[in-house]
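1. missing the sequence, but the structure's below:
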């Protein structure tokens, strides 16, 4: 029992119009488009809740603010230099 492998979705270069020997296209010519495989992907998971997203934004913003205040305080300490 033999099974054929999945068919190649790419166009056959021997039967594609506009290709030069070696598979390149002539200057100014448009290369052939790809075949579509958009239906082959799995379903994408749903996104998290809006409340969880805003919670993450608040945490990241707070950490960024604390880091910025640390660097500003350090710079002021260097300039004040008592």
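-> The structure has been received and is ready for your questions. Just so you know, these numbers come straight off a predicted model, no measurement behind them.
2. Strands of this structure, start to end?
-> For the chain, no strands are identified by DSSP state E.
3. Provide a list of residue ranges in it with pLDDT below threshold.
-> By pLDDT under 70, the low-scoring segments of the chain are 1-2, 4, 11, 13, 30-41, 81-82.
4. again, 90 this time
-> By pLDDT under 90, the weakly predicted segments of the chain are 1-53, 75-82.
5. any idea which residue sits dead centre in it?
-> residue 44 (14.7 Å; C-alpha atoms, centre = their mean).
6. Over to it: give its phi and psi.
-> Note on residue 44: backbone dihedrals following degrees, to the nearest 10 are phi -80, psi 140.
7. got it, and the one 3 residues further on?
-> Main-chain torsions, residue 47, degrees, to the nearest 10: phi -80, psi 160.
8. and it, how far is that from residue 60?
-> 17 Å (C-beta to C-beta, to the nearest Å). Backbone N, C-alpha and C define where each C-beta goes, glycine included.
9. go on, residue 72?
-> Using C-beta to C-beta, we find residue 72 at a distance of 19 Å from residue 60.
10. Also residue 18?
-> 51 Å.
11. Repeat that for residue 52.
-> Relative to residue 60, and taking C-beta to C-beta, residue 52 is found at 13 Å.
12. same thing with residue 78?
-> 27 Å.
13. swap in residue 20?
-> Residue 20 is 53 Å from residue 60, by C-beta to C-beta.
14. unless I'm mixing things up, residue 19 is touching residue 12, no?
-> No - judged on C-beta atoms under 8 Å, residue 19 makes no contact with residue 12 at a distance of 10.2 Å.
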